[in-house]
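build me a structure from this.
(one chain, ligands or ions: 2)
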Amino acid sequence: MRAFGSAVTTALVFALLGSCAGRPTPEEARRFVEQAEARLKELAYEAELASWVQATYITHDTEILAAKAQAKMRAAVAELAKEAVRFDGLELPEDVARRLKLLKLSLSLAAPSDPKEAEELAQIATRMESAYGKGKYCPEGGRCMDLEEITRIMAESRSERRLRDVWIGWRTIARPMRKDYVRFVELANKGARELGFADTGEMWRSKYDMPPDAFAAELDRLWEQVRPLYLALHAYVRRKLREKYGPEIVPARGPIPAHLLGNVWAQEWANIYPLVAPRNADPGYDLTSILKRRHVTPRQMVRYGERFFVSLGFDPLPETFWERSLFTKPRDREVVCHASAWDIDAEQDLRIKMCIDITAEDFTTIHHELGHNFYQRAYSKQPFLFRDSANDGFHEAVGDTIALSVTPEYLVKIGLLDRAPDASKDIGLLLRRALDKVAFLPFGLLIDQWRWKVFSGEIPPERYNQAWWELRRKYQGVAPPVERTEEDFDPGAKYHVPANVPYTRYFLADILQFQFHRALARAAGCKGPLHRCSIFNNKEAGKRLIAMLEMGQSRPWPEALEALTGSREMDATAILDYFAPLKEWLDKQNEGQPVGW
Ligand code: X8Z
Ligand code: ZN
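Ligands and ions are numbered 1, 2, ... in the order given. Sure, this is the predicted structure:
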């Protein structure tokens, strides 16, 4: 890294020579940014390579290599961000000013300047992610189970006892993380403070082209918009679960036990669709069974996803994507199975890493991941510091937008379904979607409501778990099936906490993808109800989407949103429009029944 150090020294010398009065010039600022970008691109490349190996082959050694590479990159960002302060108050070309601003905001984890502390932080971060990746529930006297197996049980089992057992079991992996997490919060905050933020939470909230408090208020506003829809779904599902599991297990008016919703974290509920399906309005097909029956392979599932993007006018993925991606869980080594999309060299080396199971859920996740890759390639022509999405919610929303176009009519077109159900089955289709998209909303919000308070110190370590369940109850209306204590560390059983991935992005994406879908469906000339619109094969919609993706982060996100949708506001009316017929139906089902908890 000495080589890069000398590049910066050169920049400093230039700066001093070029400005007689000691005040730097705009030209020096531009040179500084360009050199910073070249240095960071190289460091990011090394860090990505090391992290890829660590995530796809977890060992003592790969953990150390990844931690070291990450630490180097973070140290460089901090150093450059601090140097960039000398251009403060200078009249600068807009793009240079924005790149300088983004430099400081580019990390989710800021390292303290003390190299010992920086290294310790990097090691904790990598260790926690690896611990999650290796995590297994080993029942007494039984065989150990990994998350993939537990996920299948949560999706398929209807035995309350069995569900409870694996629900508790998975959370045993997180208990040992608690101590690391406490130290992690301390060190991460130290790094954030050195960059001028109050704490890591404030650093995260500062990434949205508006003051951090205004952003928090924006989230509350969006949540209030969608809350009535969530309450209606919650009340209906609770009643159906009560019919299935009995009043001893599911209360009439209280929160729903978190282990009965078909998912390890109760974040998406589509797996319990058969328990809540409307009589007479069932769509009559199930994508999981179709994929299994046809023996579709993981690779073929990814091909379906790629073909959708290509139908919009995107170039096919490079050959290296197919050679270097990981699609199935290897048997002979530990990997981080949580799905992710990679952009190793910030140019063409795109990959996904995913332990694909042949299910409708993973079919959707594949589209989600490919959305990241196509976004990454679209903005790869931008200057390095603009190679990101308009805001992080946009990155998470692109693939999901495409997955909203996976309609029955689309499945017929690609030969996976013989006949699309008629309009009398719409409630079934909408309910199945709502179990994913509406159920997810409060979950998407609460993870960072918890973390922001943890980072600010409002939630101290002695209250980590209690505060977690208070928020789960407040937003989602779910409760743990058994008593939890401060021995437990339930947030650590959700990937993004040990991996330190901010989560508000998914809440935003849940709102944004419906805005994108509505705008693109209109651009494609779709006149029918939104949930029957697919933009498959529509070049006009593709053009609009690509134009926005190519902007990367070069402009504040309201401009990118406007380019695609004509509106500058994040706005929940699109998701409400989409589910309007379902809302009306749910309200009817809930008449005379308790709503809320
Ligand atoms: O983490 C993800 C993606 C990778 S960015 C698979 N998601 C969130 C989650 O799994 O918790 C997608 C939906 C929400
Ligand atoms: Zn994602």
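
ligand 1 contacts on the stretch 201-350 of the chain?
Gln267, Ala339, Ser340 (CB under 6 Å from any ligand atom). Heads up, the C-betas are built off the backbone N, CA and C, glycines and all.

correct me, but the first one touches Phe440?
Yes - counting by CB atoms under 8 Å, Gln267 touches Phe440, with 5.7 Å between them.

most neighbours, which of the residues of the stretch 201-350 of the chain next to ligand 1?
For those, the largest neighbour count, defined by other CB atoms under 10 Å, is 21 neighbours, found at Gln267.

pLDDT value on Met1, please?
According to the prediction, Met1 has pLDDT 30.

ok, Ala378 next?
98.

now swap in Gly22 and tell me
73.

where does it sit: helix, strand or coil?
coil (DSSP: H, G, I helix; E, B strand; the rest coil).

what does Pro421 give?
coil.

can you list phi and psi of it for me?
phi -60, psi 150 (degrees, to the nearest 10).

got the residues of this protein near ligand 1?
Proximity of the chain to ligand 1 is confined to Gln267, Ala339, Ser340, Thr365, His368, Tyr506 under the rule CB under 6 Å from any ligand atom.

on that earlier part again, show me which of the residues of the stretch 201-350 of the chain next to ligand 1 is closest to ligand 1.
Nearest to ligand 1 out of these is Ala339 (CB to the nearest ligand atom; 3.9 Å).

adding pLDDT and secondary structure, write the residues of the stretch 201-350 of the chain next to ligand 1 out as CSV.
Shown next, in CSV, are those (pLDDT from 0 to 100; DSSP: H, G, I helix; E, B strand; the rest coil):
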residue, pLDDT, secondary structure
Gln267, 98, coil
Ala339, 98, coil
Ser340, 98, strand
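
in a markdown table: these, plus distance to Ile173.
Below are these laid out as a markdown table (distance: CB to CB, whole Å):
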| residue | distance to Ile173 |
| --- | --- |
| Gln267 | 17 |
| Ala339 | 18 |
| Ser340 | 19 |
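
contacting residues around the closest residue to Ile356 other than its chain neighbours?
The shortest distance from Ile356 to any non-neighbouring residue, by CB to CB, 6 or more residues apart in numbering, is to Pro298 (3.7 Å). For Pro298, the contacting residues are Phe327, Thr328, Ile356, Ile358, by CB atoms under 8 Å, 6 or more residues apart in numbering.

how does it look with 7 Å?
For Pro298, the contacting residues are Phe327, Thr328, Ile356, by CB atoms under 7 Å, 6 or more residues apart in numbering.

the residue in the stretch 51-200 of the chain positioned nearest to ligand 1: neighbour count?
Nearest to ligand 1, among the residues of the stretch 51-200 of the chain, is Thr151, at 10.9 Å (CB to the nearest ligand atom). When counting by other CB under 10 Å, one arrives at 23 neighbours for Thr151.

so what's it up against?
Here Thr151 is in contact with Val264 (criterion: CB under 7 Å, 6+ apart).

list phi and psi for the spatially most central residue of the chain.
The C-alpha lying nearest the average C-alpha coordinate of the chain belongs to Tyr506 (CA atoms, centre = their mean; 4.8 Å). Here is the backbone geometry of Tyr506 (degrees, to the nearest 10): phi -80, psi -30.

which ones are touching Val182?
Contacts of Val182 by CB under 7 Å, 6+ apart are Pro461.

try the one 5 residues further on
Neighbouring residues of Leu187 by CB under 7 Å, 6+ apart: Pro112, Glu117, Glu120, Leu121.

looking at this, it is in a helix?
Yes - counting by three-state DSSP, Leu187 is part of a helix.

can you flag the buried ones in the contacts of Pro298?
Using 16 or more other CB atoms under 10 Å as the burial test, the contacts of Pro298 include Phe327, Ile356 as buried.

with pLDDT and secondary structure added, can I get the contacts of Pro298 in JSON lines?
What follows is the contacts of Pro298, written out as JSON lines (pLDDT from 0 to 100; three-state DSSP):
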{"residue": "Phe327", "pLDDT": "98", "secondary structure": "coil"}
{"residue": "Thr328", "pLDDT": "98", "secondary structure": "coil"}
{"residue": "Ile356", "pLDDT": "98", "secondary structure": "coil"}
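
out of the contacts of Pro298, which one sits closest to ligand 1?
Proximity of those to ligand 1 (CB to the nearest ligand atom) peaks at Ile356, which lies at 11.6 Å.

thinking again about what came up before, among the contacts of Leu187, which ones are buried?
Looks like these have Pro112, Glu120, Leu121 buried, using 16+ other CB under 10 Å.

which of the three states applies to the nearest residue to the first one once chain neighbours are set aside?
Meaning Pro112. Closest residue to Pro112 apart from its sequence neighbours, by CB to CB, 6+ apart: Lys190 at 4.3 Å. Secondary structure for Lys190, judged by three-state DSSP, is helix.

so Ile352 is in which element?
Assessed by DSSP states H and E, Ile352 sits inside strand 350-353.

so which elements touch that strand?
Applying 3 or more CB pairs under 7 Å, 6 or more residues apart in numbering; DSSP states H and E, one finds that strand 350-353 contacts helix 319-324, strand 340-343, helix 360-378.

in JSON lines: these, plus distance to Glu194.
As requested, these are exported to JSON lines (distance: least, CB to CB, whole Å):
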{"stretch": "helix 319-324", "distance to Glu194": "36"}
{"stretch": "strand 340-343", "distance to Glu194": "28"}
{"stretch": "helix 360-378", "distance to Glu194": "29"}
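
understood, closing this out.
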